[in-house]
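*Asks:* Pasted the sequence and its predicted model underneath.
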Amino acid sequence: MIRYQQIPAAKPKPCSAAFLAWYDRHRRDLPWRVGPGEVADPYRVWLSEIMLQQTTVKAVAPYYRDFLKRWPTVDALAEAPREDVMKAWAGLGYYSRARNLHACAQVIADVHDRQFPRAAAELKKLPGIGDYTAAAIAAIAFNAPETVVDGNVERVIARLYALETPLPSAKKEIRKYTSKLTDPERPGDFAQAMMDLGATICTPKRPACALCPFMEACAAHALGRETEFPVKPEKKPRPQRKGVAYWVRRDDGAVLLRKRPDKGLLGGMTEIPSSPFSETGDPATGEGAPFVARWQTLSGHVRHIFTHFELTLTLVVPESVPETLQKNPAQGLWWSPPAELAGEALPSVMRKVVALAQEKGI
């Protein structure tokens with residue numbers, strides 16, 4: 001049920017000019033952000049926005065710097081082997097972003113003559129670019145009058161106007177208010193200012209209202225209900241899934257690896273051969289094993305939280321490894337020497353498997 005609150009009529013309206021003045025004084029110094037009066041590089045804006053999807057600034061910064069050092073332009077990234085891109089992305093999560101990043105770079109290099117489209121509608125036609133990312137690139141890189149709404153913006157606007165409609169139903173209403181508030185002369189700076197405000201002051205649990213440029217105009221603050229917005233539906237329990245990781249190590253220390261299918265969870269990444277992730281995940285079935293063997297279960301488990309479920313992996317080892325496999329692994333399998341294992345495109349969950357195996361001394 002939607003509740004309605006009486007908001008004091010005397011409160012001032014939010015002012016984008018005053019807000020941008022606050023931003024000019026307090027803007028964050030980020031690796032991908034240009035200084036006042038400088039023109040943003042669309043490639044860097046795009047790269048940062050893709051990396052920042054569902055990932056923190058702290059986690060993204062070293063990956064961003066590494067990518068720019070290795071591939072300073074979009075055509076350099078387009079020409080890179082996809083496997084190298086996946087390896088550089090390993091640990092950042094949401095691996096479909098890496099596949100789409102490489103595919104998008106190739107489209108821009110081959111179809112658009114290395115130039116990013118300037119309009120959000122054209123940007124959305126590129127691999128991996130949705131409504132938010134298209135609007136952000138258009139606004140920040142080309143100063144296009146686009147409405148940019150991410151999670152930070154949703155929180156700021158929901159509090160500013162005390163929106164009682166729960167998310168995600170409130171998204172349309174939030175976009176309407178954001179559009180009206182966006183400064184038409186500086187849409188890119190306005191978008192980045194909103195991101196900064198949500199990340200540093202209008203935070204989810206302990207907003208620093210006394211430092212907020214919108215404090216006097218904020219309806220949630222007037223009601224003393226800042227942390228109640230945005231209204232969210234009740235969380236459902238996270239589903240539990242299980243799986244088996246088949247740890248196979250050769251006498252010289254090399255570890256058997258496999259590439260996951262391009263489609264699906266962790267698509268295109270490297271893995272310790274593993275079973276499908278399901279509600280059972282019984283090691284006795286040998287499902288997904290790289291070869292037929294008697295598998296011994298080790299003590300301890302790997303636990304990893306994905307967006308939509310929590311995974312528990314059981315680690316198993318074979319009683320023996322066939323000689324033919326040691327010399328000529330089947331298609332899709334390969335041996336990674338100890339010196340190269342850390343550089344493989346292993347996602348975080350598989351790095352946890354490696355850590356457990358090394359802890360066990362196997």
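*Replies:* Thanks, I have the structure now. Numbers count the residues shown, from 1 in each chain.
*Asks:* From V111, how far out is the residue nearest to E319 when sequence neighbours are not counted?
*Replies:* In space, and not counting its chain neighbours, E319 is closest to R294: 4.6 Å by CB to CB, 6 or more residues apart in numbering. Heads up, the C-betas are built off the backbone N, CA and C, glycines and all. Taking CB to CB, to the nearest Å as the measure, R294 falls 53 Å from V111.
*Asks:* for L333, same thing?
*Replies:* The spacing between L333 and V111, counted by CB to CB, is 35 Å.
*Asks:* The two: which has the busier surroundings?
*Replies:* Legend: neighbour count by other CB atoms under 10 Å for L333 and V111, higher for L333 (16 against 12).
*Asks:* nearest residue to that one other than its sequence neighbours?
*Replies:* That would be R258: by CB to CB, 6+ apart, it lies 5.3 Å from L333.
*Asks:* Check what pLDDT that neighbour gets.
*Replies:* Among the per-residue scores, R258 shows a pLDDT of 95.
*Asks:* Q331 is in contact with that one, correct?
*Replies:* No - the pair R258 / Q331 is not scored as a contact, 10.1 Å apart, by CB atoms under 8 Å.
*Asks:* higher neighbour count, the two?
*Replies:* Neighbours of R258 and Q331, each counted by other CB under 10 Å, are more numerous for R258; the result is 17 against 5.
*Asks:* What ranges does the stretch 51-200 of the chain have for its strands?
*Replies:* In the stretch 51-200 of the chain, no strands are found when defined by DSSP state E, counting those that start in this stretch.
*Asks:* Could you identify the helix or strand that succeeds the helix or strand of the chain with the lowest mean pLDDT?
*Replies:* Here the helix or strand of the chain ranked lowest by mean pLDDT, DSSP states H and E is helix 323-327, holding a mean of 85. Moving toward the C-terminus from helix 323-327, the next helix or strand (DSSP states H and E) is strand 333-336.
*Asks:* so what secondary structure elements neighbour that next one?
*Replies:* Secondary-structure packing of strand 333-336 (3 or more CB pairs under 8 Å, 6 or more residues apart in numbering; DSSP states H and E): strand 255-259.
*Asks:* care to break the protein down by domain?
*Replies:* Per automatic domain parsing, the structural domains of the chain span 16-228, 240-360.
*Asks:* so of these, which one's packed in deepest?
*Replies:* By mean neighbour count, with neighbours taken as mean count of other CB atoms under 10 Å, domain 16-228 ranks first of the domains of the chain at a mean of 18.
*Asks:* end-to-end on that domain?
*Replies:* Terminal residues of domain 16-228 are spaced 24 Å apart (CA to CA, to the nearest Å).
*Asks:* tell me the mean pLDDT over it?
*Replies:* Across domain 16-228, pLDDT averages out at 95.
*Asks:* now do stretch 330-341
*Replies:* What stretch 330-341 shows for mean pLDDT is 91.
*Asks:* Can you give me the end-to-end span of it?
*Replies:* 19 Å.
*Asks:* Ok, stretch 69-87 next?
*Replies:* Stretch 69-87 has an end-to-end distance of 15 Å (CA to CA).
*Asks:* mind checking how far it is from the chain centre?
*Replies:* Centre-to-centre, stretch 69-87 and its host chain are 19 Å apart (CA atoms, centre = their mean, to the nearest Å).
*Asks:* got the contact list for that stretch?
*Replies:* 43, 46, 67, 88, 95, 98-99, 101-102, 105-106, 108-110, 114, 116, 268-270, 343-345 (CB atoms under 8 Å, 6 or more residues apart in numbering).
*Asks:* Looking at V316 now. What's its pLDDT?
*Replies:* So V316 comes in at 95 (pLDDT).
*Asks:* what's across from it in the sheet?
*Replies:* Counting by DSSP bridges, V316 forms beta bridges with Y246, T297.
*Asks:* Spit out the contact partners of it.
*Replies:* By CB under 8 Å, 6+ apart, the contact list for V316 reads 244-247, 283, 295-298.
*Asks:* Quick check: the two most widely separated of those residues?
*Replies:* Pairwise distances across the contacts of V316 peak at 12.9 Å for A245 and Q296 (criterion: CB to CB).
*Asks:* can you pull the alpha-carbon coordinates of stretch 132-149 into PDB?
*Replies:* Output of stretch 132-149 as PDB, limited to C-alpha atoms (Å, rounded to 0.1, in the frame of the first residue of the first chain):
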ATOM      1  CA  TYR A 132      21.900   3.700 -18.000                       C
ATOM      2  CA  THR A 133      25.400   3.200 -19.600                       C
ATOM      3  CA  ALA A 134      24.300   4.900 -22.800                       C
ATOM      4  CA  ALA A 135      22.900   7.900 -21.000                       C
ATOM      5  CA  ALA A 136      26.000   8.200 -18.800                       C
ATOM      6  CA  ILE A 137      28.400   8.000 -21.800                       C
ATOM      7  CA  ALA A 138      26.400  10.500 -23.800                       C
ATOM      8  CA  ALA A 139      26.100  12.900 -20.900                       C
ATOM      9  CA  ILE A 140      29.700  12.700 -19.500                       C
ATOM     10  CA  ALA A 141      31.600  12.300 -22.800                       C
ATOM     11  CA  PHE A 142      29.500  14.400 -25.100                       C
ATOM     12  CA  ASN A 143      27.500  16.700 -22.700                       C
ATOM     13  CA  ALA A 144      24.200  15.400 -24.200                       C
ATOM     14  CA  PRO A 145      21.100  16.300 -22.200                       C
ATOM     15  CA  GLU A 146      20.400  12.800 -20.900                       C
ATOM     16  CA  THR A 147      18.900  11.600 -17.600                       C
ATOM     17  CA  VAL A 148      21.300   9.400 -15.900                       C
ATOM     18  CA  VAL A 149      19.900   7.200 -13.100                       C
END
